[in-house]
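Chemist: Build me a model from this:
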Amino acid sequence: MSDEGTQSSFTRVALEPFFLHREQVMGILGLQRMSDHRQRSTGDWSTPYALATALGEALPQLRIGELQNAVQTEGAQPGQVVGIEQDFDFRRAKERDCPGDMPIDFNANLNTDDEVTVRGTFNATRLAADSSAGNVTGRKHAYIIGTVTACDRTTVQLRPAFVGVRSYVEDDESALFGISLPRRVYPSEVDQFRHINFVESCTSSDLQRLEQTPEEVVKNAIATLLGEPYVPKDWGGERSDLYTSRMFVRGVQVSTAWLFKGPGSRGPMTVRTLGSRGDQIVRLFSEPADILVLQHYREITTAVISMMESHAHDSRRPRRFMILDGEDTARILRG
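Modeler: I've put the predicted structure just below:
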C-alpha cells in the first residue's frame with residue numbers, strides 16, 4: 001500500500017436558500033458561531049442568504065450527517081438534525097392555510113431504500129425570495145436540513161430548517177457563480193485510463209471473458225495500470241481491497257480506496273449485495289482516501305450509486321467517488 005495522497009485544494013460548502021427558518025438555523029449554529037459570523041460579515045447577517053452562508057461554513061463542524069447514512073446504519077432518531085439531498089415532490093397545501101401559515105408539503109422515497117418515505121412541511125411565508133416558490137413546486141432536487149420529529153422502519157418525519165441548494169466550491173468566485181465541484185468521478189477522467197475507449201460498446205465475448213476472470217486478476221490488472229506495486233491479499237477485516245495514491249485524475253494525483261466485487265456476486269449489485277445494510281460501503285468510506293471506488297462485474301443499481309453519493313456528500317468530510325460497472329471493467333481489461 002502506498003502513502004496517503006492529499007486533495008489538491010480545499011473544498012467548502014455553499015448553501016443557497018429557497019426556505020430558511022431563522023430561529024431554527026440560529027439554534028443549530030449556536031451563540032458562539034453567530035457571534036463569529038457577525039464579526040466577519042460586512043452585510044446584514046440576519047438575512048436568509050447571510051444565515052445560509054454561516055450555516056454552510058459551519059456544516060463540517062456541526063457534524064450534521066446525511067439521513068440516508070443514518071437510516072442505513074444506526075437508524076434515524078427523534079431530535080437528530082440531519083441533511084438529505086435528492087429529488088422530492090413538493091405541494092402547496094392551500095387547503096390548510098391559516099393566518100401566518102402557508103404550508104408546503106414534501107415527500108419522497110429514500111433514494112437508497114424505496115421502502116422508507118421521508119416527509120415534512122414548511123411555511124411558504126419563510127421563503128427566501130418570491131422567486132423561490134418555483135423551486136419548491138412539483139418534483140425538484142433539493143438539499144434539506146431538518147430535525148427528525150418522528151420515525152419508524154418505513155417513515156421519517158422532518159421539520160426543515162433549510163431547503164435549498166448545496167454546492168461544493170473551492171473559492172468565493174466559484175460560490176458566487178454557482179460552480180459546484182462534482183462528487184462523482186468517471187473512469188474516462190482517470191489519466192491512466194486515457195487509452196481506453198469508453199464509448200465503444202462491449203461485445204458479448206468481452207462480457208463473457210469478464211465473467212470468467214477472478215476478482216484477484218481484475219484487481220491486479222487495475223493496480224498495474226495505476227502503477228501500484230503493492231497489492232494486498234484479501235482478508236476478512238479489510239475496509240477496502242486496494243489502496244493507492246498513484247492515481248491521477250485530470251493531471252492531479254489523488255489517493256483512492258477500491259472495493260471489488262467478483263463474479264461470485266450474482267445479478268445486479270444492490271445495497272444488500274454489500275452487506276445487510278450496505279456496511280461494506282460504510283467501511284470503504286472510513287478509508288483515508290480522496291476518492292472511493294466501487295467495482296462490480298455487472299449492473300450497479302441506482303440505490304447503490306445513491307448510497308455512494310450520500311456518503312461522498314457528507315458535509316462532515318466531503319469526498320468523491322467512482323463507479324466501475326461490468327461494461328467499464330470489461331473495457332479496461334480489453335485495453
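Chemist: State the helix or strand in which Ala58 lies.
Modeler: Using DSSP states H and E, Ala58 falls within helix 48-62.
Chemist: For the very next helix or strand once past that helix, which helices and strands make contact with it?
Modeler: If you walk from helix 48-62 toward the C-terminus, the next helix or strand you reach (DSSP H and E) is helix 67-72. Judged by 3 or more C-beta pairs under 8 Å, 6 or more residues apart in numbering; DSSP states H and E, helix 67-72 is in contact with strand 81-92, strand 103-110, strand 113-123, strand 155-169, helix 302-312. Every C-beta, even on glycine, is put in place using the N, C-alpha and C of the backbone.
Chemist: tell me the angle the first one makes with strand 113-123.
Modeler: In this structure, strand 81-92 runs at an angle of 70 degrees to strand 113-123, with axes from the mean of the first three to the mean of the last three C-alpha atoms, to 10 degrees as the basis.
Chemist: Check the last one too.
Modeler: An angle of 50 degrees separates the directions of helix 302-312 and strand 113-123 when computed by the same axes, to 10 degrees.
Chemist: Who are the packing partners of the next helix or strand after helix 302-312?
Modeler: Using DSSP H and E, the next helix or strand after helix 302-312 towards the C-terminus is strand 320-324. Applying 3+ C-beta pairs under 8 Å, 6+ apart, one finds that strand 320-324 contacts strand 184-185, strand 291-296, helix 302-312.
Chemist: For Glu228, find the nearest of the helices and strands packed on helix 67-72.
Modeler: helix 302-312 (21.6 Å; C-beta to C-beta).
Chemist: Please identify the buried residues of the closest one?
Modeler: Neighbour counts over helix 302-312 (16 or more other C-beta atoms under 10 Å) mark Ala303, Val304, Ile305, Ser306, Met307, Met308, Glu309, Ser310, His311, Ala312 as buried.
Chemist: Confidence-wise, which helix or strand of the chain is lowest on average?
Modeler: Across the helices and strands of the chain, mean confidence by mean pLDDT, DSSP states H and E is lowest for helix 172-176: a mean of 57.
Chemist: Tell me where the protein is predicted with low confidence.
Modeler: Residue ranges of the chain with pLDDT under 70: 1-10, 31-45, 171-180.
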